[in-house]
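Chemist: How does the following fold in three dimensions:
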Amino acid sequence: MSKLTPTQRLKWRKRGVSVTLNSAQNLLIPALNITISALVIRLASKDLWGQFVSWLITAQLIVHVLAWGNKDYLLRQFSQYPNRIATTWRRVFLVRGVFLCAISLLLSLTPDGWLLVLWIIPLFIAQSFEVMIVFRRHFAFAVITEMCLTVMMLIAILTGDDITQTKLFAVFILSAWARAGVYGWRYWRNFVSPNMGTSGVYFAYFRLALPFFLLGLSGMLASRIDLYTLSAIAEKSDVASYQVVINLLLYVQAGANFILIPFVKTLYRLDEQAIRKIATRLFLFGCIAIPPIILLLSGLVLVVYDLTYPALFWVMGGLFALPIFAYLPLIHRLYGLDAQRYVLWVNLGGAAVNGVLNLMLIPPMGITGALLASALCQWGMLGAYMWKSRGEHDYVVSDLP
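Modeler: Next comes the predicted model:
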């Protein structure tokens, strides 16, 4: 095997730094939520955090809908038409802004909806600029910003009066406005000019970006429907207890993605047999790595949160985290064959079945039932992807409309 040239080594080093910084950026916000949840549960109560989680996941869902797949859509448009970056961004921002106004008006008519409006507006603004972080690879800037905001939020929570719902709302909303302000300061000049003009509201965007939105939403629902269901029908203390562990387990699942990130482009070029071999090896790695990780998490939750869970709960946690190590390479294979439609239907089916199972299992089993339902759906999704990967001739090469 020939040695890498200095130019190739530099290229791989830069690529590794970008992957590391991007991963760190994506992990910082969940890590912040985990840290804050620990503080609130230890210093206040599980009920308090459980109540706030219901608002938190609602705000996240609304912002995800408002995003309407804009980051993935704009990344494709920026790559195909680099001379139209500013114009394309402005048109998409404007039409999504109309959507934001409509949603804000509806929320303002609900009890305490104005709190969500104050929260989602800065989240919407910051999310609009995230495409530039990825496109320009400004990951270091994003990591530094998130680290500074994290420190400020933790200081705000730990100082002053006792932790209350009002204080949590103030900290999260002010942090969202700070992030929007920093991102706006960094990127707004790229999109605003005295002669920028206007070309009307680009309503066709909602149709063109629909595939990206549906894939993102289906994936979010497939991974979060258990928490939404639990928040709707269970005690707030149970919501808090479950949210603590499910966030940690989603971190474990993310490990499969981090392993594959440097090789995604290569995955698209490999044949079905090679993909199956990678999926098998990654699955075996998960089988070896997840048991000690689950033991470590159980000890961590006991020490940090002072929470205990039955052994069956942790067994379900391991079974929940494992299947993605096998089916993630198969998903990338489907993407390479333009078979995103199948991924969409698997996600939607998984979310629907998970919701039904949660409604059946939560009343008799509590949070263990919620995790059992999610684990069953993860294995069902693995079965669906394995069935589809029986041979390349079985793939239906079609994109979303």
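
Chemist: Next secondary structure after the helix or strand bottoming out on mean pLDDT in the chain?
Modeler: In the chain, no helix or strand scores lower on mean pLDDT, DSSP states H and E than helix 264-267, which sits at a mean of 68. Next along the chain after helix 264-267, taking DSSP states H and E as the criterion, comes helix 272-305.

Chemist: tell me what that following helix is packed against?
Modeler: helix 6-43, helix 236-260, helix 311-321, helix 324-336 (3 or more Cβ pairs under 8 Å, 6 or more residues apart in numbering; DSSP states H and E). All C-beta spots, glycine's among them, are computed from the backbone N, C-alpha and C.

Chemist: any idea how far the third one is from the chain center?
Modeler: Yep, that's helix 311-321 we're talking about. Here helix 311-321 shows a centroid-to-chain-centroid distance of 21 Å under the convention Cα atoms, centre = their mean, to the nearest Å.

Chemist: List the contacts of stretch 100-112.
Modeler: Residues outside stretch 100-112 that contact it (Cβ atoms under 8 Å, 6 or more residues apart in numbering): 62, 65-66, 113-114, 116-117, 120-121, 124.

Chemist: tell me the domain ranges of the protein?
Modeler: 7-199, 213-394 (automatic domain parsing).

Chemist: among the ones you listed, where is the model least confident on average?
Modeler: Ranked by mean pLDDT, the domains of the chain bottom out at domain 7-199, which scores a mean of 85.

Chemist: Which residues are in contact with Ile367?
Modeler: 230, 234, 238, 241-242, 309, 313.

Chemist: mind putting the contacts of stretch 100-112 in CSV, neighbour count and secondary structure included?
Modeler: Below are the contacts of stretch 100-112 laid out as CSV (neighbours: other Cβ atoms under 10 Å; DSSP: H, G, I helix; E, B strand; the rest coil):
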residue, neighbour count, secondary structure
Ile62, 20, helix
Val65, 15, helix
Leu66, 21, helix
Gly113, 14, helix
Trp114, 13, helix
Leu116, 21, helix
Val117, 17, helix
Ile120, 24, helix
Ile121, 19, helix
Phe124, 22, helix
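
Chemist: Of all pairs in those, which one spans the longest distance?
Modeler: Val65 and Trp114 (18.7 Å; Cβ to Cβ).

Chemist: ok so, going back, out of the domains of the chain, which one sits most buried?
Modeler: domain 213-394 (a mean of 18; mean count of other Cβ atoms under 10 Å).

Chemist: next one: it to chain centre, how far?
Modeler: 13 Å.

Chemist: Does Tyr251 touch Pro30 like I think?
Modeler: Yes - using Cβ atoms under 8 Å, Tyr251 is in contact with Pro30, at 6.8 Å.

Chemist: any idea how far Ala370 lies from Ser241?
Modeler: 10 Å (Cβ to Cβ, to the nearest Å).

Chemist: Please disregard the earlier target; I meant Leu361.
Modeler: For Leu361 relative to Ser241 (Cβ to Cβ), the value is 16 Å.

Chemist: go on, Leu105?
Modeler: Remark: distance between Leu105 and Ser241 (Cβ to Cβ) = 36 Å.

Chemist: which residues of the stretch 51-200 of the chain fall in helices?
Modeler: 70-80, 85-108, 113-136, 139-158, 165-187 (DSSP state H, counting those that start in this stretch).

Chemist: would you turn these into JSON lines with distance to Met365?
Modeler: Shown next, in JSON lines, are the helices of the stretch 51-200 of the chain (distance: least, Cβ to Cβ, whole Å):
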{"stretch": "helix 70-80", "distance to Met365": "37"}
{"stretch": "helix 85-108", "distance to Met365": "34"}
{"stretch": "helix 113-136", "distance to Met365": "32"}
{"stretch": "helix 139-158", "distance to Met365": "33"}
{"stretch": "helix 165-187", "distance to Met365": "29"}
